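Novice: mind folding the following:
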Amino acid sequence: MSLPLVPTTHRRPLPVAGAGVVFAGLLLMMLSGGLQGSLISLRGSLESFSDAALGLIAASYYAGFVAGTWWGPSVVRAVGHVRVFAALASLASASVLVHLLTIHPVSWSLVRALTGLAVAGLYVVVESWLNDLATNETRGRVLGLYAIVTAVGLGGGQVLLVTADPGGIELFLLASILISLALVPIALGARSTPHITEPSPMGLRAVLAAAPLGVVGAAGAGLAHSAVIGLGAVYATGTGHSVEQTAAFMALCILGGVVLQMPLSRISDRRDRRSVIAAAALAAAGVAALIAISGPTGLGLFAAAGLFGALAWPLYSLSIAHTNDWLTREQMIGASATLVLAAGAGSIVGPLLASAAMSLVGPSGLFSTLAVSYLLVGVYALHRMTVRPMAPRQRPAVAFAVLARTVAVASVVRPTRRHRGGWREPSVPGHRRAAGSRRPRRGPRRRSGLSHAPGHRTSSADLPPDPTG
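Specialist: Numbers count the residues shown, from 1 in each chain. A predicted model of the protein is given here:
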């Protein structure tokens with residue numbers, strides 16, 4: 001699931017090199033995560049798990065991940081970054097090995113949910129550190145490196161599939177070793193730990209009222225990404241491809257998303273962003289439909305996989321940017337956390353729907369599901385263009401960036417202030433505060449170091465591809 005930063009409040013500017021240990025830990029995490037996603041699907045197929053069982057296993061990971069976004073920030077605040085990272089890295093590493101002890105869909109689903117919970121906590125630590133390091137001087141480089149490291153790690157994890165037989169224990173051991181090694185740079189290289197701040201919450205109803213396409217786009221992106229990462233390897237092997245070809249197919253699906261991320265983002269900054277969302281979603285739907293109907297093989301499949309990834313992966317960041325076009329500065333971070341939850345809900349549903357379709361019509365059911373989901377998003381984007389004019393080109397300075405999907409969620413799911421009428425919900429633009437409600441207490445104003453220049457429109461170029469898939 002990728003995403004908005006909570007502004008830092010106390011850190012002096014640091015060079016990008018200061019994030020080196022964090023990026024090293026992130027790269028090892030992504031290599032392990034990319035390897036596990038496809039390995040679990042391949043091994044499950046070898047163990048004769050049904051498509052429905054494989055879909056449940058994939059969905060369980062995202063259910064655990066969403067739960068971890070609720071739970072992780074409070075634990076980090078209570079215990080500390082390094083201790084939490086050490087504990088959860090050990091838990092995630094051990095979880096990989098448990099797959100070898102009990103080979104059954106139910107036990108694997110439980111283990112994957114536990115893995116998702118642990119990985120969400122690891123993201124809390126990594127992303128809050130990167131958030132803390134981002135300043136006006138280094139923000140672009142930090143976020144650019146974040147996007148590159150995430151894509152290289154997830155794509156590189158697919159390449160590791162060819163280093164051993166998925167039917168053996170070696171790849172499970174390798175995935176466990178990688179996530180254990182991620183602890184080394186964090187534990188030995190971190191000289192200080194950042195402070196996690198809680199942004200103001202903005203509930204789903206308020207976000208829907210402000211920018212419904214943003215919520216629909218985030219949920220659709222989460223659905224599609226989780227289906228590809230969880231069941232893409234099953235599709236490739238089910239259509240007669242070798243392990244090496246399956247690894248190449250998955251790597252192209254993921255790395256392809258880097259190709260059009262910046263071009264589509266820049267175009268969306270100059271045109272109605274909804275038109276770019278519609279065009280990308282409908283084009284992705286067309287490519288997915290082509291794969292489902294014609295079932296290309298060899299170079300044709302690889303080219304289609306790369307093109308699909310290039311069109312499909314930027315949808316999440318475009319949805320976030322579109323949402324922020326309609327919000328005030330104070331609402332943006334809370335809204336981004338709500339979009340994370342929408343994407344998480346889609347990520348849980350995606351593998352379940354895709355696996356059901358694959359059970360009915362065969363491997364092509366995966367891309368049939370993707371085609372329908374992106375078609376619905378594209379048509380809805382066109383509909384929204386007919387009911388409301390585009391967002392103003394000049395917006396207030398934006399106090400968000402792209403990382404703390406896990407950090408931001410805590411304030412949305414656990415409101416911390418209430419008044420006589422119940423929990424207070426932030427208003428959408430133009431909406432008055434309810435009578436009798438009290439304004440939240442504000443602390444001393446501090447410089448963020450993360451805002452754009454005045455008059456800058458929210459840019460999806462600041463948002464890297466979704467690292468959770």
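Novice: low-confidence ranges, the protein, go.
Specialist: Along the chain, the parts satisfying pLDDT under 70 run over 1-18, 131-144, 190-201, 329, 333, 336, 393-469.
Novice: and the longest helix for it?
Specialist: helix 329-361 (DSSP state H).
Novice: how much space separates the nearest residue to residue 107 once chain neighbours are set aside from residue 108?
Specialist: Spatial nearest neighbour of residue 107, excluding adjacent residues (Cβ to Cβ, 6 or more residues apart in numbering): residue 98 at 7.6 Å. Just so you know, the C-beta spots here come from the backbone N, C-alpha and C atoms, and that holds for glycine as well. Distance of residue 98 to residue 108, given as Cβ to Cβ, to the nearest Å: 9 Å.
Novice: so those two - more neighbours on which side?
Specialist: residue 108 (23 against 16; other Cβ atoms under 10 Å).
Novice: next one: the helix or strand containing that one to chain centre, how far?
Specialist: Here residue 108, judged by DSSP states H and E, is contained in helix 105-133. Here the centre of helix 105-133 is set off from its chain's centre by 12 Å, with Cα atoms, centre = their mean, to the nearest Å.
Novice: render the CA-only coordinates of the following helix or strand past that helix in CSV, please.
Specialist: Downstream of helix 105-133, the next assigned helix or strand under DSSP H and E is helix 139-159. The C-alpha atoms that make up helix 139-159 are tabulated as CSV, following Å, rounded to 0.1, in the frame of the first residue of the first chain:
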residue,chain,number,x,y,z
ARG,A,139,13.3,16.2,0.9
GLY,A,140,13.3,15.5,-2.9
ARG,A,141,16.4,13.3,-2.6
VAL,A,142,15.1,11.4,0.4
LEU,A,143,11.7,10.6,-1.2
GLY,A,144,13.3,9.8,-4.6
LEU,A,145,15.6,7.3,-2.9
TYR,A,146,12.7,5.9,-1.0
ALA,A,147,10.9,5.2,-4.2
ILE,A,148,13.9,3.6,-5.8
VAL,A,149,14.9,1.5,-2.8
THR,A,150,11.3,0.2,-2.5
ALA,A,151,11.0,-0.7,-6.2
VAL,A,152,14.4,-2.3,-6.3
GLY,A,153,13.8,-4.3,-3.2
LEU,A,154,10.4,-5.6,-4.2
GLY,A,155,11.5,-6.3,-7.8
GLY,A,156,14.8,-7.9,-6.6
GLY,A,157,12.9,-10.2,-4.3
GLN,A,158,11.3,-11.7,-7.4
VAL,A,159,14.7,-12.4,-9.0
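Novice: ok, for residue 290, nearest residue in space, not its chain neighbours?
Specialist: Among residues not flanking residue 290 along the chain, residue 304 sits closest, at 6.6 Å (Cβ to Cβ, 6+ apart).
Novice: er, residue 364 actually
Specialist: Closest residue to residue 364 apart from its sequence neighbours, by Cβ to Cβ, 6+ apart: residue 292 at 4.4 Å.
Novice: my guess is the one you found contacts residue 375. True?
Specialist: No. Under the criterion of Cβ atoms under 8 Å, residue 292 makes no contact with residue 375, lying 11.9 Å away.
Novice: more neighbours: which of these two?
Specialist: When neighbours are counted by other Cβ under 10 Å, residue 292 comes out ahead of the other of residue 292 and residue 375, with 22 against 18.
Novice: contact partners for that one?
Specialist: By Cβ atoms under 8 Å, 6 or more residues apart in numbering, residue 292 lies in contact with 364, 365, 366, 367, 368, 371.
Novice: restricted to helices, list these.
Specialist: 365, 366, 367, 368, 371.
Novice: who wins on neighbours among those residues?
Specialist: Neighbour counts for the ones in helices among the contacts of residue 292, by other Cβ under 10 Å, peak at residue 366, which reaches 32 neighbours.
Novice: what's the neighbour count on residue 227?
Specialist: 31.
Novice: tell me how far it lies from residue 156.
Specialist: Relative to residue 156, and taking Cβ to Cβ, residue 227 is found at 21 Å.
Novice: how about residue 72?
Specialist: 25 Å.
Novice: list the contacts for the closest residue to residue 309 other than its chain neighbours?
Specialist: Distances taken as Cβ to Cβ, 6+ apart put residue 256 closest to residue 309, at 2.9 Å, once the chain neighbours are dropped. By Cβ under 8 Å, 6+ apart, the contact set of residue 256 is 305, 306, 307, 308, 309, 310, 313.
Novice: again, only this time at 6 Å
Specialist: With contacts defined as Cβ atoms under 6 Å, 6 or more residues apart in numbering, residue 256 is in contact with 306, 309, 310.
Novice: so is it in a helix, a strand, or just coil?
Specialist: Of the three states, residue 256 takes helix according to DSSP: H, G, I helix; E, B strand; the rest coil.
Novice: what's the angle from the helix or strand hosting the residue nearest to residue 364 to helix 329-361?
Specialist: Element membership for residue 292 (DSSP H and E) is helix 273-294. Going by axes from the mean of the first three to the mean of the last three Cα atoms, to 10 degrees, helix 273-294 is angled at 10 degrees with respect to helix 329-361.
Novice: who does the helix or strand following helix 273-294 touch, helix- and strand-wise?
Specialist: The C-terminal neighbour of helix 273-294 among helices and strands, as given by DSSP H and E, is helix 299-312. If contacts are counted by 3 or more Cβ pairs under 6 Å, 6 or more residues apart in numbering; DSSP states H and E, helix 299-312 sits against helix 243-255, helix 273-294.
Novice: list of residues touching helix 299-312?
Specialist: Helix 299-312 is contacted from outside by 224, 249, 252-253, 256-257, 259-260, 280, 283-284, 287, 291, 296, using Cβ under 6 Å, 6+ apart.
Novice: can you flag the buried ones in the residues you listed?
Specialist: Applying a neighbour-count criterion of 16 or more other Cβ atoms under 10 Å, the buried members of those are 224, 249, 252-253, 256-257, 259-260, 280, 283-284, 287, 291.
Novice: between which two of the residues you listed is the distance greatest?
Specialist: Pairwise distances across these (Cβ to Cβ) peak at 21.0 Å, for the pair 249 and 280.
Novice: now do the contacts for residue 208.
Specialist: Listed by Cβ under 6 Å, 6+ apart, the contact set of residue 208 reads residue 215.
Novice: name the element it belongs to?
Specialist: Taking DSSP H and E as the criterion, residue 208 maps to helix 204-210.
Novice: buried residues, that helix. List them.
Specialist: 204, 206, 207, 208, 210.
Novice: gap between the fourth one and residue 54?
Specialist: Distance, residue 208 to residue 54, by Cβ to Cβ: 32 Å.
Novice: can you check residue 173 too?
Specialist: In terms of Cβ to Cβ, residue 173 sits 22 Å off from residue 54.
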